[in-house]
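# Got a sequence here, can you model it:
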Amino acid sequence: MAEGEKLQKVLARLGLGSRREIERWISEGRIKVDDKVATLGDRITGKARVSVDGRPVKMEGAEKATRLLLYNKPEGEVCSTSDPEGRKTVFDRLPKLQGERWIVVGRLDINTTGLLLFTTDGELANKLMHPSSEIDREYLVRVLGTADGQVQENLKAGVELEDGPAQFTDIVDGGGEGVNHWYYVCLKEGRNREVRRLWESQGLQVNRLKRVRFGPVFLPSRLKAGQYEFLPQKMANVIYDTVGLSRCKVKSLRAEEKAAQERQQRKKGRR
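The predicted structure is shown next:
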């Protein structure tokens, strides 16, 4: 994978013009990178020497940076920034940002718990959620009843739902006693209530649902419901590589974010 970002994207982020305008300037030979005339498709890092019409461009702030956060969603929270019914939202517990906003990657309905990713990088969020990326979502689900071999085969072969065909890519028995049974299931998209509707198509009712993995990110057992943690650079690199985007520097935590984490850890320690 080529290092850096597309030249026009970096210069647009610096406010020199729109991407389309800058692409035209590149085609007209008006931009140089490291004293060479730029071409469409060139990629640069923040260390590049760039000039437009012979004038050097200040590259301060050109390096793309992001924040990535993992949240363990409890039951009863909605995945929106506000709710007309006054219900709690997944954004209520997150650290506040200045000049940026948290973007939730893949929603969970109010009764579903577990892993949610948040980022400040809109391009990354779009890539992770787009069906073409085929990112695995893994859930732990409890159903009323037991899925025999034929039911599991049906769900993996695919069934027709009201919004099109759907299927699980894998089903693993998670055990259980009495009338309830647990299963781990995987699928590569995130349509509204898709996991629940797939089971309902086979006459089985879901009474517990928890997302435990999204792509390469697993929900750690140490993270209790309602808690979050920031993802380190190493995991950020894995996530960007997964969707074929250039790696992005993870911003260091500001003082207020560190304080919020410390408060959360203190609450965890008192339990």
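
# got the contact list for the closest residue to residue 203 other than its chain neighbours?
With CB to CB, 6 or more residues apart in numbering as the criterion, residue 203 has its nearest non-adjacent residue at 7.9 Å, and that residue is residue 145. For the C-beta atoms, the positions are set from N, CA and C on the backbone; glycine is no exception. Residues near residue 145 by CB atoms under 8 Å, 6 or more residues apart in numbering: 179, 181, 203, 204, 205.

# Residue 97 too?
67, 120.

# What does it show for phi and psi?
With angles defined as degrees, to the nearest 10, residue 97 shows backbone torsions of phi -120, psi 150.

# what's the pLDDT at it?
Note for residue 97: predicted pLDDT of 82.

# Give me the distance between residue 31 and residue 16.
Counting by CB to CB, to the nearest Å, the gap from residue 31 to residue 16 is 9 Å.

# before we move on, back to that, can you pick the most crowded of the contacts of residue 145?
The most neighbours of any of the contacts of residue 145, using other CB atoms under 10 Å, belong to residue 204, which has 20 neighbours.

# List the buried residues of stretch 137-146.
For stretch 137-146, the buried set under the neighbour-count rule, 16 or more other CB atoms under 10 Å, comprises 137, 138, 139, 140, 141, 142, 143.

# what is the mean pLDDT for it?
Averaged across stretch 137-146, the pLDDT comes to 95.

# for stretch 235-252, same thing?
Mean pLDDT, stretch 235-252: 89.

# got it, and stretch 116-126?
Stretch 116-126 comes out at a mean pLDDT of 89.

# Quick check: buried residues in that stretch?
Using 16+ other CB under 10 Å as the test for burial, stretch 116-126 gives 116, 117, 118, 119, 120, 121, 123, 124, 125.

# ok, of the buried residues of stretch 137-146, which one's closest to residue 209?
Residue 209 has its nearest neighbour among those in residue 141, at 5.2 Å by CB to CB.

# Spell out the residue ranges of the helices in this protein.
7-13, 19-27, 122-129, 149-157, 194-200, 233-242, 255-270 (DSSP state H).

# In TSV: the buried residues of stretch 137-146, plus distance to residue 251.
Below are the buried residues of stretch 137-146 laid out as TSV (distance: CB to CB, whole Å):
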residue	distance to residue 251
137	27
138	28
139	30
140	32
141	35
142	38
143	41
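
# quick check, nearest of those to residue 186?
Using CB to CB, residue 138 is the member of the buried residues of stretch 137-146 that sits closest to residue 186, with 4.9 Å.

# Just the terminal-to-terminal distance for stretch 81-101.
Start-to-end span of stretch 81-101 (CA to CA, to the nearest Å) is 10 Å.

# Excluding covalently adjacent residues, which one is nearest to residue 124?
Computed as CB to CB, 6+ apart, the closest residue to residue 124 that is not its neighbour in sequence is residue 245, at 6.2 Å.
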